[in-house]
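Novice: Structure, please.
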Amino acid sequence: MNLNKIALVTGLLVSGIAISSVFASVINAANNFAFRATASREFGTTDLNAGTFTLLGNSGQPLSGLEVKNRTLYAGAYNGNIYGQLFSVNPSNGSLTPKSSAGFRYQDFGATTSGLYAIDRNDGNDEVIEWLTFKVASKSREKFIALDQKIWTNFLAKQPGFLSKEVWLNSNKLDQITLVTHWQTLKQWKSIPQQKRDEIEQHFFQAMTPDQYILIESKMYQIRKFSFNHINSLLIRKIDAISVSSC
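Specialist: Predicted coordinates for the structure are as follows:
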């Protein structure tokens with residue numbers, strides 16, 4: 001497929017409602033069409049003359065935008081799905097090949113004549129929450145809470161990006177404990193080495209013995225904070241041209 005010309009139509013907001021598809025308009029020798037990726041991960045082309053959509057495949061994840069650079073179709077991962085990931089896209093079926101990873105989340109992705117760009121919404125106001133629910137015998141609940149504070153919370157509080165931690169108790173389920181930890185950014189939370197996490201967990205497990213506990217639910221939430229002039233918090237970053245040109 002010969003990719004000759006690019007025009008950006010992506011990531012628009014109309015009356016506060018995000019458009020559910022992203023486009024990269026490409027003109028080839030025979031047809032005037034636009035690549036299209038939908039929120040449901042469908043990938044295909046839209047005939048700009050007839051307005052018809054042709055499904056070619058599935059990208060496997062939501063995308064923040066599609067753009068062509070040096071005759072290659074690129075896409076950015078949307079928000080935190082895969083942190084700051086740039087892909088090349090197979091124009092025949094929408095399959096993705098990782099190319100580079102940035103230190104921020106793509107809120108939007110596009111291009112100008114000078115290169116590829118992404119909008120970063122990670123301005124220090126975004127937070128993520130780690131949500132863990134454990135099943136613990138009611139007789140062991142206070143022991144679990146005290147040791148979690150002494151071992152896990154004491155460790156986490158020393159890590160970059162830690163904001164706070166809460167213990168949530170359900171009066172209707174006395175054998176469950178939910179731990180809610182707030183982090184400034186996903187990147188800071190995930191920067192804790194897995195080996196260190198394993199060491200702390202082993203220490204906690206030994207301290208709890210012979211009392212048993214089971215992790216029954218694990219979630220991650222992103223907290224978005226908006227203001228009336230939130231557009232001022234958007235950061236536009238140029239994606240390293242070296243990582244693109246070396247693809």
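Novice: where does the chain have low pLDDT?
Specialist: Along the chain, segments meeting pLDDT under 70 span 1-31, 79-84, 101-105, 120-126, 224-247.
Novice: Counting residues, which helix of it comes out longest?
Specialist: Identified as the longest helix of the chain according to DSSP state H is helix 194-208.
Novice: got the buried residues for it?
Specialist: Of all the residues in helix 194-208, those buried under the rule 16 or more other CB atoms under 10 Å are Phe204, Met208. The C-beta positions use only the backbone N, C-alpha and C, and glycine is treated the same way.
Novice: next one: stretch 139-148
Specialist: Of the residues in stretch 139-148, those scored as buried under the neighbour-count criterion (16+ other CB under 10 Å) are Ser140, Arg141, Phe144, Ile145, Leu147, Asp148.
Novice: One more: stretch 65-80?
Specialist: Within stretch 65-80, the residues that count as buried by 16+ other CB under 10 Å are 65-69, 73-80.
Novice: any residues touching the longest helix of the chain, and which ones?
Specialist: The set of residues external to helix 194-208 that reach it, using CB atoms under 8 Å, 6 or more residues apart in numbering, is Ser140, Lys143, Phe144, Leu147, Asp148, Ile151, Trp152, Phe155.
Novice: Okay, domains of this structure per the record?
Specialist: As assigned by automatic domain parsing, the chain contains the domains 5-121+229-245, 127-223.
Novice: among those domains, which is the most enclosed?
Specialist: Between those, domain 5-121+229-245 has the highest mean count of neighbours, a mean of 17, where neighbours are mean count of other CB atoms under 10 Å.
Novice: Reformat the buried residues of stretch 139-148 as TSV; add distance to Asp211.
Specialist: What follows is the buried residues of stretch 139-148, written out as TSV (distance: CB to CB, whole Å):
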residue	distance to Asp211
Ser140	4
Arg141	10
Phe144	7
Ile145	12
Leu147	9
Asp148	12
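Novice: returning to that earlier point: quick one, the very next helix or strand once past the longest helix of the chain and helix 194-208 angle?
Specialist: Going down the chain from helix 194-208, the next helix or strand is strand 213-223, by DSSP states H and E. Following axes from the mean of the first three to the mean of the last three CA atoms, to 10 degrees, one obtains 140 degrees for the angle between strand 213-223 and helix 194-208.
Novice: gap between strand 213-223 and the chain center?
Specialist: 17 Å (CA atoms, centre = their mean, to the nearest Å).
Novice: quick one: strands adjacent to it?
Specialist: Strand 213-223 has these partner strands in its sheet, going by DSSP bridges: strand 127-136 (antiparallel).
Novice: what's the partner strand in contact with?
Specialist: Outside of strand 127-136, the residues within contact range by CB under 8 Å, 6+ apart are 80, 144, 163, 175-186, 189, 211-223, 225.
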